[in-house]
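> quick one: sequence and predicted model below, then my questions.
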Amino acid sequence: MDANTKIRLPKLPVINGLRGLAILLVIYHHVIVPPLTAYLAHLHTLRVSGLSVPASELFFKQGWMGVNLFFILSGFVLYLPYYLGARTMQSRADVVDFYKRRAARLMPLFFINCFVCAFVAMRYQPFWFESFLPAVTTLSMFTDYQWMPTINPALWSLMIEIYFALICPFLFMAIGRIGWRKATVAIFVLAWIVRMAGAMTNHLSIQDSLPARLDDFVLGMILCRVYFERRMPKAGAKLLLTVSIASLAGATVLCDLWKNGSGLSPYVIPFIGNLIQVGFFSLSLGALRSQRALRTLFTNRALQLLGMMCYSIYMWHLVMLQPLTDGWITHPPRLLIYSVYLLIFSALSYRYIEFGSEKNWRKLFSPPFSLTTDELAELEARSKPAEQTAKSNAASLIS
């Protein structure tokens with residue numbers, strides 16, 4: 001273990017940039033889509049290729065897909081230190097260490113956000129405590145009425161992250177016992193069945209539960225292996241980008257049909273998640289392997305900084321939404337004011353809540369540059385097959 005801990009984990013700028021994309025999609029979904037949809041609903045239908053189409057249907061509304069990308073990237077980042085051997089899961093002490101690390105990363109901001117949101121909700125939600133108590137105990141994810149807590153609906157996805165962290169060591173153990181291929185097939189089938197059950201019963205609390213989202217995290221772990229083991233498809237970054245755009249566009253069309261009550265079969269709805277996975281997997285792999293424009297886009301330092309602060313931005317963006325953005329369609333400066341306040345508040349939260357023990361604040365706000373060829377070669381040289389590591393981890397955990 002001492003030898004392993006000396007390994008320095010790589011800082012992958014592209015992962016920061018992808019997180020930046022994810023948070024921008026979520027902000028777009030919550031801040032831009034609802035008022036823009038309401039505004040365009042008052043316009044007459046437009047003629048598009050001879051068809052009458054409501055103006056409110058002519059723009060992208062599925063920014064919530066950013067949450068899917070967050071889950072995929074979480075799987076990548078959580079698996080990375082174990083894949084590279086910087087940490088191990090070979091004893092109960094390793095499991096406890098994993099839990100301590102994850103709790104220290106997630107729980108301080110989670111609890112502070114719950115209490116602040118409850119304080120704010122006291123002023124306008126008569127039954128705020130009925131939302132606060134299930135939220136702060138993370139039990140709301142097992143309910144229908146508070147699955148998205150009214151004090152802060154964004155908390156639902158953090159609860160998914162928390163419960164995934166709880167089962168993560170056991171996931172390693174399962175992979176070690178039955179192998180990556182069988183484990184992956186089993187998890188993807190389970191997730192599809194749960195999503196279908198949620199679609200057939202019209203329960204988002206089932207359709208977006210941890211079992212339904214588990215394949216997103218596992219896909220991130222697979223992305224980590226594919227990247228470091230150079231299991232790059234023969235297709236280049238351009239083709240991967242094309243596949244990404246086509247998959248996400250197809251998922252968007254299916255989502256629009258589903259949301260508009262077009263009678264989309266519940267047997268099709270679960271595959272929307274898989275289309276989104278193909279899209280973001282292709283985009284992430286293409287960005288990681290590209291040496292040109294795609295990589296340049298996702299290593300942009302401004303986008304990286306948003307990605308580095310994405311946890312705080314995500315947790316606070318809905319709290320400030322109503323008072324600062326109400327009526328921004330007719331008063332655009334309000335959107336600018338909201339953005340400035342959100343960035344300032346999130347930067348303070350990132351600095352003093354997420355990383356309060358870090359003395360070097362410049363380090364927190366300095367996005368890394370791209371990995372050099374030599375650095376990448378060094379990482380690949382010390383990476384090892386995940387199956388062998390998982391098997392040894394499982395044997396130690398079972399004993």
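Structure received.

> which stretch of helix or strand covers the closest residue in space to Lys61 that isn't next to it in sequence?
Once flanking residues are discounted, Lys61 sits nearest to Val33: 5.1 Å by C-beta to C-beta, 6 or more residues apart in numbering. Using the backbone N, CA and C atoms, a C-beta is placed for each residue, glycine as well. Per DSSP states H and E: Val33 is located in helix 33-40.

> send me that helix as PDB with only the CA atoms.
The C-alpha trace of helix 33-40 is given here as PDB (Å, rounded to 0.1, in the frame of the first residue of the first chain):
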ATOM      1  CA  VAL A  33     -35.500  26.300 -21.400                       C
ATOM      2  CA  PRO A  34     -38.600  26.900 -19.100                       C
ATOM      3  CA  PRO A  35     -38.900  30.700 -19.800                       C
ATOM      4  CA  LEU A  36     -38.000  30.400 -23.500                       C
ATOM      5  CA  THR A  37     -40.600  27.600 -23.900                       C
ATOM      6  CA  ALA A  38     -43.300  29.700 -22.300                       C
ATOM      7  CA  TYR A  39     -42.300  32.800 -24.400                       C
ATOM      8  CA  LEU A  40     -42.300  30.900 -27.700                       C
END
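
> which helices and strands does it pack with?
Identification of packing neighbours for helix 33-40 by 3 or more C-beta pairs under 8 Å, 6 or more residues apart in numbering; DSSP states H and E yields no helix or strand.

> where does the stretch 151-300 of the chain dip in pLDDT?
231-235, 261-263 (pLDDT under 70).

> this protein: strands as residue ranges?
46-48, 51-53 (DSSP state E).

> could you give the number of residues near His331?
Neighbour count for His331, taken as other C-beta atoms under 10 Å: 11.

> ok, it to Pro35 distance?
11 Å (C-beta to C-beta, to the nearest Å).

> same check on Tyr124?
For Tyr124, the distance to Pro35 - C-beta to C-beta - is 19 Å.

> please apply the same query to Ser282.
Relative to Pro35, and taking C-beta to C-beta, Ser282 is found at 32 Å.

> centroid-nearest residue for the chain?
Phe70 (1.1 Å; C-alpha atoms, centre = their mean).

> from what I can see that residue touches Leu18, true?
No - with contact defined as C-beta atoms under 8 Å, Phe70 does not count as touching Leu18 (9.3 Å).

> tell me which of Ser282 and Pro35 has more neighbours.
Taking neighbours as other C-beta under 10 Å, Ser282 and Pro35 compare with Ser282 leading, 23 against 16.

> surely the more buried one touches Leu240?
Yes - with contact defined as C-beta under 8 Å, Ser282 counts as touching Leu240 (4.5 Å).

> isn't Leu204 up against Ala197?
No - the pair Leu204 and Ala197 fails to qualify as a contact (C-beta under 8 Å) at a distance of 11.8 Å.

> overlap in contacts of these two?
Residues touching both Leu204 and Ala197 (C-beta atoms under 8 Å, 6 or more residues apart in numbering): none.

> state the distance from the residue nearest to Cys255 when sequence neighbours are not counted to Ile272.
Once flanking residues are discounted, Cys255 sits nearest to Gln62: 5.1 Å by C-beta to C-beta, 6+ apart. Distance, Gln62 to Ile272, using C-beta to C-beta: 9 Å.

> common neighbours of the two, please.
251, 255.

> returning to that earlier point: what about the residue nearest to Lys61, distance to Trp64?
9 Å.

> cool, and Pro332?
24 Å.

> cool, Leu106 as well?
Taking C-beta to C-beta, one finds Leu106 at 21 Å from Trp64.

> measure the residue nearest to Phe365 when sequence neighbours are not counted to Tyr350 for me?
Nearest non-adjacent residue to Phe365, counting by C-beta to C-beta, 6+ apart: Leu305, 6.7 Å away. Distance, Leu305 to Tyr350, using C-beta to C-beta: 10 Å.

> now do Leu9
For Leu9, the distance to Tyr350 equals 19 Å [C-beta to C-beta].

> which residues are in contact with stretch 130-147?
Stretch 130-147 is contacted by residues 111, 114-115, 117-118, 121, 125, 149-152, 155-156, 159-160, 162-163, 203-205, 208-210 when judged by C-beta under 8 Å, 6+ apart.

> now that stretch: buried residues?
130-132, 134-136, 138, 140-141, 146-147 (16 or more other C-beta atoms under 10 Å).

> out of those residues, list just those in helices.
130-132, 134-136 (DSSP state H).

> cool, thanks, signing off.
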